[in-house]
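S.K.: Using only what follows, build the 3D model:
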Amino acid sequence: MQKLIPTVSVIIPTYNRAYSISQTIESVLQQIYQDFEIIVVDDASTDDTKEVVKRFGDSRICYLRHEKNRGAPWARNSGAEAARGEYLAFLDSDDVWYPRLLEQQVAALTDLPLDVGMVCCGLIRKEGDNCKALIPGKRGLSFDENLIFGNGICTSSFLVRKTAFQAVGGFSIEFSSFQDFDFLLRMTAKYQAATLDEVLLEYRLGNDSISLNMDSKAKGFERIIQVYRSDILRLELMSAYMFRLGQYHVLSGRLATGWRNWTQAWRHNPWDAKMGKHFFLTLGGVKLYRYMLLMHQRRVARRNAQDNPSGSTFERQ
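M.R.: Alright, predicted model coming up:
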């Protein structure tokens, strides 16, 4: 007999993803671990998302709709408010879990003390035909470690205690992107986080993915620097952060802004020749710079493929 109150609440925020959400929901229904509810939060879609969700006819699926589009953080927080489960799992509507994800993560979090607020796992980052496996590594994810290593863990890999989620205030609505990074930082400022090196999901990047919107990424990363500035300076990371912010501005077409960011990065670390190299590449324009970055990524991928003939490229965060 099905439990009245599920252990896990799976929250799926979505906006105009009728074309992909069916596969996402299927990946939850096919989990080995079945003690869950699914809360789909439709952020005012204008396509037939509602019809696709209702077509499943599964009593464990709850459909909630926002009348106005407010963004993924609002949708995730709405789902968390409606959730009945002890644990909250977040799955984006274009990503797919492998069948053992909940089984592995629930077992891990159940065995850990209450000061561990969340667990995350490895993933396959899939963009078109390009696939790369990212694993968090066998280290505890402390606040400082997250600032040092950057955000290599996506929201779809998070399993969070509901009490911990509430204690840190959920997802911040102030971020246009990098909400997962900000959440991870606030979580690990208050709780410990555990990691599983096993790859348990596919993180899929499509043309409508916020992760490919460089303008949004620039705004979100600038907000990260503003909020965590004192800690970034304490850890002597400002050069790396300003360089990365500059890249986002350059790739979104704002060369002058990107150059100013790189100048600030150079001031924090005048011995880093990287800024001069990237500045030189941008003199040929944004298209040339994007092309050179793409060629570099392909060279790295070929080198990794030669080192790992099995076909999967693993990168430890």
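
S.K.: all contacts plus neighbour counts: C-alpha atoms, from now on.
M.R.: Will do.

S.K.: Which stretches in the stretch 151-300 of the chain count as strands?
M.R.: 159-161, 192-204 (DSSP state E, counting those that start in this stretch).

S.K.: export these to JSON lines and tack on mean pLDDT?
M.R.: Formatted as JSON lines, the strands of the stretch 151-300 of the chain follow (pLDDT from 0 to 100):
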{"stretch": "strand 159-161", "mean pLDDT": "98"}
{"stretch": "strand 192-204", "mean pLDDT": "92"}
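
S.K.: Tell me how many other residues surround the residue lying closest to Ser177 once chain neighbours are set aside.
M.R.: Residue nearest to Ser177 in three dimensions, not counting chain neighbours: Gly220, with 4.6 Å by C-alpha to C-alpha, 6 or more residues apart in numbering. Gly220 has 21 neighbours, counted by other C-alpha atoms under 10 Å.

S.K.: hang on, the earlier thing: dump the strands of the stretch 151-300 of the chain to TSV, plus mean neighbour count.
M.R.: Listed next are the strands of the stretch 151-300 of the chain as TSV, based on neighbours: other C-alpha atoms under 10 Å:
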stretch	mean neighbour count
strand 159-161	25
strand 192-204	21
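
S.K.: closest one to Glu81 among these?
M.R.: Taking C-alpha to C-alpha, strand 159-161 is the member of the strands of the stretch 151-300 of the chain nearest to Glu81, at 13.3 Å.

S.K.: what packs against the closest one?
M.R.: In terms of contacts (3 or more C-alpha pairs under 8 Å, 6 or more residues apart in numbering; DSSP states H and E), strand 159-161 is packed against strand 87-90, strand 116-127.

S.K.: For the protein, give the helix that spans the most residues.
M.R.: Secondary structure of the chain read by DSSP state H shows that its longest helix is helix 286-307.

S.K.: Distance from the chain centre to that one, please.
M.R.: Mean-position distance between helix 286-307 and its chain equals 22 Å (C-alpha atoms, centre = their mean, to the nearest Å).

S.K.: Stretch 97-108 too?
M.R.: Mean-position distance between stretch 97-108 and its chain equals 18 Å (C-alpha atoms, centre = their mean).

S.K.: which other residues reach that stretch?
M.R.: The contact list for stretch 97-108, computed with C-alpha atoms under 8 Å, 6 or more residues apart in numbering, reads 24, 27-28, 30-33, 119-121, 159, 196, 200-202.

S.K.: Out of the residues you listed, which comes closest to Tyr87?
M.R.: Set against Tyr87, the nearest of these by C-alpha to C-alpha is Leu159 (6.6 Å).

S.K.: For stretch 61-72, give the mean pLDDT please.
M.R.: Mean pLDDT, stretch 61-72: 94.

S.K.: What residues of it count as buried?
M.R.: Neighbour-count burial for stretch 61-72, counted by 16 or more other C-alpha atoms under 10 Å, picks out Ile61, Cys62, Leu64, Arg65, Gly71, Ala72.

S.K.: re earlier: name the helices or strands packed onto the longest helix of the chain?
M.R.: The helices and strands touching helix 286-307, judged by 3+ C-alpha pairs under 8 Å, 6+ apart, are helix 238-251, helix 274-282.

S.K.: one step back: what is the most widely separated pair among the buried residues of stretch 61-72?
M.R.: The most widely separated members of the buried residues of stretch 61-72, counting by C-alpha to C-alpha, are Ile61 and Gly71 (21.2 Å).

S.K.: just to revisit the earlier point, for Thr14, find the nearest of the strands of the stretch 151-300 of the chain.
M.R.: Here strand 192-204 is closest among these (C-alpha to C-alpha), at 14.0 Å.
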